[in-house]
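1. give me a 3D structure for the following:
(2 chains)
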Amino acid sequence: MSSNLPASGAAAAPAVSGRVRGRGPYADIWNRLKRNKMAMVSLSILLLLVLTALCADVISPFPYEQQNLDQMLEPPSHEHWLGTDGYGRDILSRIIHGSRISLEVGFVAVCFSITLGGLIGAVSGYYGGRLDNTLMRLMDILLAIPGILLAIAIVSVLGPGLVNVMIAVGISQIPTYARIVRASVLTIRDLEYVEAAKSIGESDLSIIFRTILPNCMAPIIVQATLGVAGAILSAAGLSFLGLGLQPPTPEWGAMLSEGREYIYEAYWVSTFPGAAIAIVVLALNIFGDGLRDAMDPRLKR
Amino acid sequence: MLKLILKRIVMLVPVLIGVSVIVFVLMQLTPGDPAQIMLGPQASEQDVANMREQLGLNDPLYIQYFRFLAGILTFDMGTSIKDGQSVFASIMNHFPPTVELTIAAMFVALLIGIPAGIVSSTRQYSFFDNTATLASLVGFSIPNFWLGIMLILVFAVQLGWLPVSGYGGGEYLVLPAITLGTQTAAVVTRMTRSSMLEVMRQDYIRSARAKGLAERTVIFRHAFRNALIPVVTVVGLQVGTLLEGAILTESIFSWPGIGRFMIDAIRAKDFPTVQGSVIFVTFVIVVVNLLVDIMYAYIDPRIKSQLK
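-> Okay, the predicted model is just below:
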């Protein structure tokens, strides 16, 4: 409940009221988010992950593709912190490099679905009528096919590979964004400031992009955070099934799948890549929840 | 009520037709000539051409589509390229194990989710509540293909209590059901908790307490019954999620259900089978969601009157 009140504790200066009023909406969101410990821990994990992905070549202790047949299936040790796999490759190094792939798939797939879904939703909500009806029925159809099933079907058409996985996962998320953006556009479309923009003769396109969309970012950002988590999970699932990225690519789902072979003698081969997926997805979900609460305190519980 | 049901069924028709178009188009786009795959790489050009003619692959696309649609409506989804069996018969053979797994997973989810949600809501922000909230976030985020392998590692490989994989008696069902049910348990916990918290704030709960009823009676007779409505919806919608999750879970545990059947078909490039199973699973989920909607209207008279 307290999150409805403006933050007052931190600013102790006497003449603070003017400054508080001058603060933008993003500062308010950030202030609310800062007080959510779980969300901040998740954010740190995510930043660490991005850093890991950027500096993968520098920080990984071994080259990720280096095979070492004298050191197959070694348990975690001082030299190989997370052990080695069936080809004697260092698992930690492969997980570090795998973070690049997972982040890439997550972000690209979500950008793809936001762009297409957002466009469909915005046009649908703004123009309404028959166009809206047609587009939304199309989205219903896409939504009727379960996400992973659609992704599997698309990947089996396109074949395995990084880009195809991104497309498959991206397409299956389009309807979600289309619906969210459409709903937001509908609530904003008839407000005074949109009418004002119309009355000064702005074009429809400019109204959609410059007036309407910036004002319905909150639900899109929240959904995108959760969407990245979903995309990483789906991509890892596809690779786990052998339909996504193929070995020897250090993709977490593919690594996990390879590790099943050694489940009797080497638990670490499948345990750690899976743990990496779980931690990243958990962090994204907690952060997304926190972001939702911070952006719209009314929705909180 | 009947009118409502009919209306919903009629609304379903375009969606199902749309799904069949998407699946048909996807399969058309798939590289590889089905006739060639059926006959193998050493077949002569003439044989392949004859096979194409026999399969009707030389007809215009819309004719092929209508044949496909007519096939679905008469439960004839063609024959498998791999073994020449009727696709529909194979699907029917593989569906019961998937239903069994889905029901077991739902049972696990409700057994954990509803009590955890009720206790959480009656002691908001207690240690139990915080733990349950965190656990449900973890349960929701864990990839089920990893959870399954971890369960195998602990309960089958290390402790030896349960079989690693396969199909048979109840002991084979335990690990797959927990694997598949965990995510749903997390969703049910969250939903039960928030729905209970909402209801507990209502005036009639205060009245019930003011009457001097025991807290137990207030919670179960008055609060839980009303809190159940949104939970039922979520549970219904989770049936689809479970069927989807079954694809991965079945692959982990070598469970002979429709999910593993479909993945095997994709690997073998057996497209009539892939096509048939994607359509079948989607139709089942759509129908289940329809039943949930109808049930929802049945439980909650306010919705029934709204939809009239």
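
2. run a quick neighbour tally on residue A:169.
-> A total of 32 residues lie near residue A:169 under the criterion other CB atoms under 10 Å in any protein chain shown. No exception for glycine: its C-beta is placed from N, CA and C like everyone else's.

3. excluding chain neighbours, what is closest to it?
-> Across the structure, with CB to CB, 6 or more residues apart in numbering or on different chains as the measure, the residue nearest residue A:169 apart from its sequence neighbours is residue A:109 (4.3 Å).

4. check residue A:208 too.
-> Nearest to residue A:208 is residue A:122, by CB to CB, 6+ apart, at 5.1 Å.

5. repeat for residue B:110
-> For residue B:110, the nearest residue in space outside its immediate sequence neighbours is residue B:188; the separation is 6.4 Å by CB to CB, 6+ apart.

6. please, which helix or strand holds the residue nearest to residue A:208?
-> Residue A:122 is located in helix A:91-127, with elements delineated by DSSP states H and E.

7. can you list contacts of the following helix or strand past that helix?
-> Sequence-wise, the next helix or strand downstream of helix A:91-127 (DSSP H and E) is helix A:129-144. For helix A:129-144, contacts defined as CB atoms under 8 Å, 6 or more residues apart in numbering or on different chains pick out A:120, A:123-125, A:150, A:171-172, A:174-176, A:178-179, A:182, B:14-16, B:18-19, B:22, B:282, B:285-286.

8. how about stretch B:207-217?
-> When contacts are taken as CB under 8 Å, 6+ apart, the neighbours of stretch B:207-217 outside the stretch itself are B:218, B:221-222.

9. and residue A:124, what does it touch?
-> Residue A:124 makes contacts with A:131-132, A:135-136, A:178, A:182, A:185, as judged by CB under 8 Å, 6+ apart.

10. sketch out the low-pLDDT regions of the stretch 151-300 of chain B for me.
-> Using pLDDT under 70 as the threshold, the predicted model of the stretch 151-300 of chain B has low-confidence ranges B:300.

11. closest point of the stretch 101-250 of chain A to chain B, which residue?
-> Here the stretch 101-250 of chain A gets closest to chain B at one residue, residue A:141, 3.3 Å apart by CB to the nearest CB.

12. count of neighbours near residue 281?
-> If you meant another chain, say so; for now it's chain A. Using other CB under 10 Å as the criterion, the residues surrounding residue A:281 number 25.

13. wait, I meant chain B there
-> Under the neighbour criterion other CB under 10 Å, residue B:281 is assigned a count of 24.

14. how about residue B:168?
-> Residues contacting residue B:168 under the criterion other CB under 10 Å number 8.

15. measure it to residue B:45 for me?
-> Computed with CB to CB, to the nearest Å, the distance linking residue B:168 and residue B:45 is 48 Å.

16. same question for residue A:71.
-> According to CB to CB, residue A:71 and residue B:45 sit 52 Å apart.

17. out of those two, which sits in the more crowded spot?
-> residue A:71 (17 against 8).

18. can you give me the strands for chain B?
-> Shown for chain B, no strands are assigned by DSSP state E.

19. max-length helix in it?
-> If you go by DSSP state H, chain B has its longest helix at helix B:87-122.

20. for it, which helices and strands make contact with it?
-> Counting contacts by 3 or more CB pairs under 8 Å, 6 or more residues apart in numbering or on different chains; DSSP states H and E, helix B:87-122 packs against helix B:127-141, helix B:170-200, helix B:225-253, helix B:258-267, helix B:271-299.

21. got the ones you listed as a markdown table, with distance to residue A:284 columns?
-> Supplementary listing: the helices and strands packed on helix B:87-122 in a markdown table, determined by distance: least, CB to CB, whole Å:
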| stretch | distance to residue A:284 |
| --- | --- |
| helix B:127-141 | 8 |
| helix B:170-200 | 15 |
| helix B:225-253 | 19 |
| helix B:258-267 | 26 |
| helix B:271-299 | 26 |
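
22. and of the ones you listed, who's closest to residue A:254?
-> Each of the helices and strands packed on helix B:87-122 was checked against residue A:254 via CB to CB, and the shortest separation belongs to helix B:225-253, namely 13.8 Å.

23. how about stretch B:186-203: buried residues?
-> Of all the residues in stretch B:186-203, those buried under the rule 16 or more other CB atoms under 10 Å in any protein chain shown are B:186-197, B:199-200.

24. try stretch B:132-151
-> For stretch B:132-151, using 16+ other CB under 10 Å, the buried residues are B:132-133, B:135-151.

25. check the burial of residue B:31 by counting its neighbours.
-> Counted with other CB under 10 Å, residues neighbouring residue B:31 total 8.

26. enumerate the residues of the stretch 151-300 of chain A near chain B.
-> Neighbours of chain B within the stretch 151-300 of chain A, by CB under 8 Å from any CB of the partner chain: A:152-154, A:156-157, A:159, A:229, A:233, A:236-237, A:240-243, A:253, A:256-257, A:259-260, A:263-264, A:267, A:270-271, A:274-275, A:277-278, A:281-282, A:284-286, A:289.

27. now the buried members of the residues you listed.
-> Looking at these with 16+ other CB under 10 Å, the buried ones turn out to be A:152-154, A:156-157, A:229, A:233, A:236-237, A:240-243, A:253, A:256-257, A:259, A:263, A:267, A:270-271, A:274-275, A:277-278, A:281-282, A:284-286, A:289.

28. out of those, which are inside strands?
-> Counting by DSSP E, those contribute nothing to strands.

29. hang on, residue A:224 is in a helix, isn't it?
-> Yes. Membership of residue A:224 in a helix is supported by DSSP: H, G, I helix; E, B strand; the rest coil.

30. who's in contact with it?
-> A:110, A:114.

31. and stretch B:14-22 with chain A, contact?
-> Yes. Between stretch B:14-22 and chain A, judged by CB under 8 Å from any CB, the touching residues are B:14-16, B:18-19, B:22.

32. in ChimeraX, how would I select just the buried ones from those residues?
-> Selecting in ChimeraX just the buried members of the residues of stretch B:14-22 next to chain A, where the criterion is 16+ other CB under 10 Å, is done with this command:
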select /B:15,16,18,19,22
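
33. now, which of the residues of stretch B:14-22 next to chain A lie within helices?
-> B:14-16, B:18-19, B:22.

34. with pLDDT as added columns, please give the residues you listed in a markdown table.
-> Conversion of those to a markdown table gives the following (pLDDT from 0 to 100):
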| residue | pLDDT |
| --- | --- |
| B:14 | 86 |
| B:15 | 86 |
| B:16 | 87 |
| B:18 | 89 |
| B:19 | 89 |
| B:22 | 89 |
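
35. count the residues that sit near the residue nearest to residue A:208.
-> Applying other CB under 10 Å, we find 21 other residues in the vicinity of residue A:122.

36. taking the contacts of stretch B:207-217, please make a PyMOL selection of just the buried ones.
-> When burial is assessed using 16+ other CB under 10 Å, the buried subset of the contacts of stretch B:207-217 is captured in PyMOL by this command:
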select buried, chain B and resi 218+222
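
37. possible to save the contacts of stretch B:207-217 as a markdown table with distance to chain A?
-> Output for the contacts of stretch B:207-217, formatted as a markdown table (distance: CB to the nearest CB, whole Å):
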| residue | distance to chain A |
| --- | --- |
| B:218 | 21 |
| B:221 | 24 |
| B:222 | 21 |
